[in-house]
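*Asks:* Pasted the sequence and its predicted model underneath.
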Amino acid sequence: MFDSREKIALFIDGANLYAAAKSLGFDIDYRKLLTAFHSRGYLLRAYYYTALVEDQEYSSIRPLIDWLDYNGYKVVTKPAKEFTDSMGRRKIKGNMDIELTIDAMELSEEVDHSVIFSGDGDFRSLVEALQRRGKKVSVVSTLATQPPMIADDLRRQADHFIDLKSLKEEIGRDPSERPAPRAAVEADEEDDDY
């Protein structure tokens, strides 16, 4: 599936990957993810896409974004749009499909193998366009959930489908291993002073 001489780029739909891993009962260890794909070829770039709610004083995803940015990922964000649906519920929309698609197409001249971490069927056209340029495309998502988190047409279009479940041992971390939130760590340290 991978050739050690290939130049590889990762395109991670952050919300989609998070939802898939959560449904499989594990967290992604992003350091291990980089290591795993470095071992499969020459990892040229690793992009991570996510929308952020701008007006929140603190976003739970901010520490992850900062860590990724300092540790080998190219982080692409944009403000999420907040709206109220017809039932009066507050909803947040933050689709990053266009940004991911543009980056994948722009980088396609430099890359032999694109790995898209998403099950979103909207990426089928991107996969097809990359293949027309002679590029290999793998898609990472999962069939192990009910319903499956990968669109059937995306899975069929890709050169290779990698079930996220098969990567669990290599790139996963049990949710109980999550680092304590910074505020909780600082509070514990203050308690130790007494």
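*Replies:* Cool, got the structure.
*Asks:* next helix or strand past the helix or strand where A15 lies?
*Replies:* Per DSSP states H and E: A15 is located in helix 14-23. As assigned by DSSP H and E, the chain's next helix or strand after helix 14-23 is strand 27-28.
*Asks:* any idea how far K32 is from E169?
*Replies:* For K32, the distance to E169 (C-beta to C-beta, to the nearest Å) stands at 10 Å. Placement of C-beta: from N, CA and C, glycine included.
*Asks:* and what of Y49?
*Replies:* According to C-beta to C-beta, Y49 stands 25 Å off from E169.
*Asks:* Compare those two (neighbour count), which wins?
*Replies:* Y49 (26 against 9; other C-beta atoms under 10 Å).
*Asks:* Find the nearest non-adjacent residue to T77, please.
*Replies:* Once flanking residues are discounted, T77 sits nearest to L52: 5.2 Å by C-beta to C-beta, 6 or more residues apart in numbering.
*Asks:* residue contacts, the one you found?
*Replies:* The neighbours of L52, taking C-beta atoms under 8 Å, 6 or more residues apart in numbering as the test, are 59, 61-62, 65, 77-80, 94.
*Asks:* partners of it in the sheet?
*Replies:* On the basis of DSSP bridges, L52 is bridged to P79.
*Asks:* Numbering from 779 from now on, please.
*Replies:* All set: I'll call the first residue 779, so the last point we hit is now L830.
*Asks:* Tell me how far it lies from I876.
*Replies:* Using C-beta to C-beta, L830 is found at 16 Å from I876.
*Asks:* now the strands: where do they sit in this structure?
*Replies:* 785-791, 805-806, 820-830, 852-857, 859-862, 868-871, 891-895, 914-919, 938-941, 950-951 (DSSP state E).
*Asks:* which strands and helices sit next to the second one?
*Replies:* Identification of packing neighbours for strand 805-806 by 3 or more C-beta pairs under 8 Å, 6 or more residues apart in numbering; DSSP states H and E yields helix 792-801, strand 950-951.
*Asks:* looking at the ones you listed, which has the lowest confidence?
*Replies:* With a mean of 90, strand 950-951 has the lowest mean pLDDT of these.
*Asks:* What are the contacting residues of it?
*Replies:* So strand 950-951 is contacted by 799, 804-807, 810 (C-beta under 8 Å, 6+ apart).
*Asks:* Buried residues, stretch 889-899. List them.
*Replies:* Neighbour counts over stretch 889-899 (16 or more other C-beta atoms under 10 Å) mark 889-898 as buried.
*Asks:* now do stretch 802-819
*Replies:* Using 16+ other C-beta under 10 Å as the burial criterion, the residues of stretch 802-819 that qualify are 802, 804-808, 811-812, 815, 818-819.
*Asks:* average model confidence for that stretch?
*Replies:* For stretch 802-819, the per-residue pLDDT averages 96.
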